[in-house]
Every structure is written in C-alpha cells, then in structure tokens.
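**Student:** Sequence first, predicted coordinates after that:
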Amino acid sequence: MKFLARVDVSLKPTVNDPEGLTIRGALHSLGFEAVASVRAGKYMEIGLEAGSEDEAEKQVTEMCRKLLANPVIEDFRFELEEAN
C-alpha cells in the first residue's frame, strides 16, 4: 500500500527561535504590527510504501526520531493518508 505522510517539525516552546523573531521583525516593518509572535518550523511530505497503516505510522515515527527531528529541541507530528 502507498501512503503519504505530512510531517510538521517545530521547536519546543522553551527553545529560543531566532528565525521566528527575525520573521516577526520583518512583518512589523511591513506594517503587520498585530503579529505578536512567530515560530518557524519544517514541513515535509513523504511518500512511502508499507503493508498497513500501522506499519506506515511506525516507519514515519522512526524517521522523525532518527533523522527528521532533533528530540532535544524539536517536537514532531504527522498526518498519514493512503495515496493512489
């Protein structure tokens, strides 16, 4: 079976986010003063094949733990759907 995983990786709330601060500053300079905060992250779409949805979930979780997210400073979440 083919699956598509949509993975979001973001910094943990306690970790400083200099990229987010830079984006917020740029938005303020463009006139968007109402922006109170910005947190930057990563988004990935991963196509994979697995025998079942459970197996696909396990594979994507391991990918995130081993490579896609740094567990010390980042959290991850993903959505999984069957692909054509």
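**Tutor:** Yep, it's here.

**Student:** Could you use CA atoms for every contact and neighbour count after this?
**Tutor:** Will do.

**Student:** So for residue 78, what's the pLDDT?
**Tutor:** What the model reports for residue 78 is a pLDDT of 98.

**Student:** what about it, distance to residue 3?
**Tutor:** 12 Å (CA to CA, to the nearest Å).

**Student:** what about the two, which has more around it?
**Tutor:** Using other CA atoms under 10 Å, the more surrounded residue of residue 78 and residue 3 is residue 3, with 20 against 17.

**Student:** now the helices: where do they sit in this protein?
**Tutor:** 18-29, 53-63 (DSSP state H).

**Student:** how about the last one: buried residues?
**Tutor:** It refers to helix 53-63. By neighbour count with 16 or more other CA atoms under 10 Å, helix 53-63 contains the buried residues 53, 56, 57, 60, 61.

**Student:** what's the distance between that helix and the middle of its chain?
**Tutor:** When C-alpha coordinates are averaged (CA atoms, centre = their mean, to the nearest Å), helix 53-63 and its chain have centres 15 Å apart.

**Student:** Run through the neighbouring helices and strands of it.
**Tutor:** With contacts taken as 3 or more CA pairs under 8 Å, 6 or more residues apart in numbering; DSSP states H and E, helix 53-63 sits against strand 2-11, strand 74-82.
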